[in-house]
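**Q** How does the following fold in three dimensions:
(chains A and B)
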Amino acid sequence: MNEPSLTESRPTAVALAARGVTKRFPGVLANDNVEFEVRAGEVHALLGENGSGKTTLCKVFTGLYRADAGHVEIAGRPVDLHSPADVHARGVFMVHQHFSLVERMTVAENVMLGWRRGSRFWFDRRAAEREVAELATLHGLPVDPATLIGELSMGERQRVEILKALCRGAKVLILDEPTTVLTPQEAEGLFESLRRLAEAGSAVVFISHKLHEVLSVCDRVSVLRRGVMTGTVDLREQRAVDTRELARMMVGREIELGRREREELVDPHADPVLELSELTVTGDHGNAVLDSVTLDVHAGEVLGVAGVAGNGQRELADAIAGLRPLAAGTVTVAGKPLRAGSPLAAIAGGVAFVPEDRFGVGLAPGMTVAENMVLKSFRSGRFSAGPFVRRRRVVVHTEEQLDGYELRGGPASVVGKLSGGNAQKVLLAREMSGEPKVLVIAAPTRGLDVAATETVRELIARAAEAGTAVVMISEDLDEVLDVSDRVAVMCGGRVTGVLPAAGADVEEIGLLMMGHTADPAGPAGTPAPADPAVASARAERTA
Amino acid sequence: MTATLQPPVRRRAAQAVPVRLERRLDQPGRIHSALLPVGSLLLAMVLVGVLLGIAGHDPFAALSQVVSAAVTGQGSISATLTSATPLLFTGLAAAVAFRMRIWNIGGEGQLYIGAICAAGVGIATGASGLAVALPLMLIAAALGGALWAAIPALLRAFLNTNEILTSLMLNYVAGLLLGYLILDSTSYWRDMSGPTALVYPQGKSLASAAFWPGFTGGGLIIPLGLVFGVALAVLVFVMIRHTWFGYQLRVTADNAQAGRYAGMASRRNLVAVMMLSGALAALGGASQVGDFSHLLDPSGLQQPQYGYTGIVVAALARYNPLAVVLSALFLGAITNAGLNLQSATFPQSLTGVIEGIILFCVLGGEVLSRYRFVWGRR
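**A** Just a heads-up that it's a prediction; the model follows:
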């Protein structure tokens, strides 16, 4: 297959294709005469920034949207798709980012769910489990058919989703950003399964905006930019294609991402600005979602927090920002402990917080940029005349703060109509306007296009240079490694290791993400005791 | 998004009903906005005409009577203003709460409580003259209504109960209290002065010195309550738009999470809005006593359902306090025309249907100005 001449002389069957697909939404041309072709036996990447039309194209493929012009071909024949069921019957399946699995049912039950076959009445559990197990081994997707979904990791759940599709006779699999919920090791496993599926004759569409993933697993890459297919590259022919080139196809200009060395700003002898000691937060069911987390961050330092989504990162951010009551522990900023569970105390103490859910938590989307800009500072009296708003001053303040942020829109723009990148700029501008001592920023570039990502990372670096202690929480490990000075890895609500970002070993971080506690003697440094008994014993010793 | 397992039943249903409501991209311009209600009204007139024809009435005669009773006839505008006064208060009450996404359905009960408080204070102090009685009546009513509304507000803020249910249920409590004070007890509010008063229970009248004066001129009578109501509408508008308190309320209404994130006292604000809403509705009750009935009249307060109609008034105004003034006048006109139409040959239920059609057309037109129907699949 590596020989280009081979592929040309023996054109493999086209499994799924878009022929001149155009899809128009009010004000947006989401897909503009898109030509796209996936052959049986290949892993084909669909690469593009957010808003480039990837999702729209997939919805056309899966029968959720109907193209305004052009048509879809399945197995080489033009088809008229009316619904997802239609599409499934033709062997095209999509695995979404958010799984549709029933947590309280077993793997086999989930695979068989909603799919009537054989006896119309009885569910033959053992036959189903046997069938799922066979399929799992055949495709190298190891999973125990009798386990409850709720007990599986995200990587295993993804395998179940893929099995579900395979069981129903999938010939084409579309995976939407499949690695966002996986550890590096799990992603590696997924890539292997995808390769095996392709070798067995399936066609795989791999949607992503992570370039190195695309290069490591795909045979061909098609790049979408603003609804237009900018080109398809055959990676088997063109070995020399690198991330930079793909990025240029994606964005349309040269970009500069990757780790940038900053000058050493941190004074290790100074007292840390942010100290978290034994921070514990209890969840809805009385379980510890944050389990005695102890960390410190110096002025000018960026501490990256890595981990698979849902391992206590959100709770950590909320706890520092006073949005969650603490079961135990203290947050100390510049030597002064904050009153726990009080957002106002955190704001007054100099904690700025850019939450991961920008429109849901950090902003009032129905209000203007100016109104959002004073969300935390309106009490200062600077903008008041008695109980009344001094609107003019608010607008001037907003213009001052946004100076240099290159925001598309002005103080009077409604925030909900801004793009994710512009919203993030408004958030960052507001949070930095109070000249905070600590900046907590979660998922700083999620959903942002490459250009906005570049800007936001630049702004984080600028904040650190201004002497702010930055805690950056991200599920994107590359980002954590590129932006931070030190990396704290979280798993199950605990910090499993803290290590310097420069030259960090991704393998090791992956292991920490899966809960392997760092060896205290090893390079990872800070030990995080696995069981509470050890923790309390340690606390006694220090006391 | 979870399209992988679409059940076949839903698919068939989706194909059978290929109609969807889709948000319009361009919001209507000013001229469009002004013409729209006129068109809606014309359509309503046509529908009402057809209905009257079916019912065996002369549609033209009836319609001209509606117009005459609401606007053009002698004294009709004064009558419309009278009908609009309580609706202005309950409409404002609903607009303030609903705008902030607090669903106070208790305007009805809060109005009763306001009437009870105002009547009690009015009876007690009426002899001292208007200068004493009027402010005391207003204060008592506002306080009573605010406290009555505080019950569901506090329950919502601290126990997270549903304020729709609690405020609605309290309407029945207030209504029964109203009946008890006049019909089933010998309370301070009941007139016990003559032998007929025992057979036909009714409220004790205020001293005439405490009757609220109206503004008269050019054949027009403007009740004092209406003037208060318009002033309150402006005040509420300014509060929401131009104060930091209003700003906090708007932030919380837009995104409660963001309000919490910014350290706003969401519980305190919730209780404050609910109490303000209750006070506004209660002032409507005070106006009923002071402007019109001059005594506590259970059936006169309950039968028109001012509190519930106020919700319609507020919705029609899209919860904008200034627009509430206009929509209260409009609904006042319809109510007034309905009262006027009723006769032996023209049953009350038919006037109800007419009012319903007019409202349906106006509200429907309002929706269609922002949404449109789309036929077929996307």
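**Q** ok and the residue in chain B nearest chain A?
**A** Residue nearest to chain A within chain B (Cβ to the nearest Cβ): residue B:263, separated by 3.5 Å. Heads up, the C-betas are built off the backbone N, CA and C, glycines and all.
**Q** Where do the helices of the stretch 51-200 of chain A begin and end?
**A** Along the stretch 51-200 of chain A, counting by DSSP state H, counting those that start in this stretch, helices occupy A:54-61, A:84-89, A:107-112, A:125-139, A:154-167, A:184-199.
**Q** The longest one - contacts with which helices or strands?
**A** Spelled out, that is helix A:184-199. strand A:43-48, helix A:125-139, helix A:154-167, strand A:203-208, helix A:211-217, helix A:506-513 (3 or more Cβ pairs under 8 Å, 6 or more residues apart in numbering or on different chains; DSSP states H and E).
**Q** where's residue A:33, which helix or strand?
**A** According to DSSP states H and E, residue A:33 maps onto strand A:28-39.
**Q** Does the residue of chain B closest to chain A lie in a helix or a strand, and which?
**A** Per DSSP H and E, there is no helix or strand for residue B:263.
**Q** which residues sit in contact with it?
**A** Contacts were defined as Cβ atoms under 8 Å, 6 or more residues apart in numbering or on different chains; by that measure residue B:263 touches A:322, A:342-344, A:346-347, A:376.
**Q** What subset of those is buried?
**A** Buried members of those, counted by 16 or more other Cβ atoms under 10 Å in any protein chain shown: A:322, A:342-343, A:346-347, A:376.
**Q** Let me have those residues in a markdown table, extended by distance to chain B and secondary structure.
**A** Putting the buried ones among the contacts of residue B:263 into a markdown table (distance: Cβ to the nearest Cβ, whole Å; DSSP: H, G, I helix; E, B strand; the rest coil) gives the following:
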| residue | distance to chain B | secondary structure |
| --- | --- | --- |
| A:322 | 8 | coil |
| A:342 | 7 | coil |
| A:343 | 4 | helix |
| A:346 | 8 | helix |
| A:347 | 5 | helix |
| A:376 | 5 | coil |
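**Q** Would you state the strands of chain B in chain order?
**A** B:19-23, B:215-217, B:220-222, B:371-375 (DSSP state E).
**Q** List the neighbouring strands of the third one plus their orientation.
**A** Its sheet considered, strand B:220-222 pairs with strand B:215-217 (antiparallel) by DSSP bridges.
**Q** related to what we said a few turns ago, from the chain's centroid, how far away is the strand holding residue A:33?
**A** Distance of strand A:28-39 from its chain centroid, counting by Cα atoms, centre = their mean, to the nearest Å, is 25 Å.
**Q** What of stretch A:52-62?
**A** Averaging C-alpha positions (Cα atoms, centre = their mean) puts stretch A:52-62 19 Å from its chain's average.
**Q** which other residues reach that stretch?
**A** A:16, A:18, A:21, A:23, A:25, A:30-32, A:34, A:36, A:46, A:48, A:65-67, A:72, A:81, A:84, A:87, A:92, A:94, A:174, A:176, A:205, A:207, A:224-227, A:250, B:3.
**Q** Which part of the stretch 251-400 of chain A gets nearest to chain B, residue-wise?
**A** Nearest to chain B, among the residues of the stretch 251-400 of chain A, is residue A:344, at 3.5 Å (Cβ to the nearest Cβ).
**Q** circling back to that earlier point, in the buried ones among the contacts of residue B:263, find the pair that's most separated.
**A** A:342 and A:376 (13.4 Å; Cβ to Cβ).
**Q** Spatially nearest residue to the residue of the stretch 251-400 of chain A closest to chain B, not counting backbone neighbours?
**A** The spatially closest residue to residue A:344, leaving aside those adjacent along the chain, is residue B:263, at 3.5 Å (Cβ to Cβ, 6 or more residues apart in numbering or on different chains).
**Q** Can you report phi and psi for the one you found?
**A** Dihedral angles of residue B:263 (phi, psi; degrees, to the nearest 10) stand at phi 80, psi 20.
**Q** what's the burial count for the closest residue to residue B:150 other than its chain neighbours?
**A** Closest residue to residue B:150 apart from its sequence neighbours, by Cβ to Cβ, 6+ apart: residue B:275 at 5.3 Å. Residues lying near residue B:275 (other Cβ atoms under 10 Å in any protein chain shown) number 22.
**Q** can you check the one 5 residues further on too?
**A** Summarising burial for residue B:280: neighbours were counted as other Cβ under 10 Å, giving 34.
**Q** do you know how far it is from residue B:267?
**A** 21 Å (Cβ to Cβ, to the nearest Å).
**Q** how far away is residue B:148 from residue B:114?
**A** 9 Å.
**Q** what residues do those two have in common as contacts?
**A** Here residue B:148 and residue B:114 have residue B:282 as joint contacts, going by Cβ under 8 Å, 6+ apart.
**Q** isn't the residue nearest to residue B:150 right up against residue B:151?
**A** No. In this structure, residue B:275 is not within contact of residue B:151 by Cβ atoms under 8 Å, at 10.2 Å.
**Q** I am finished for the moment; much appreciated.
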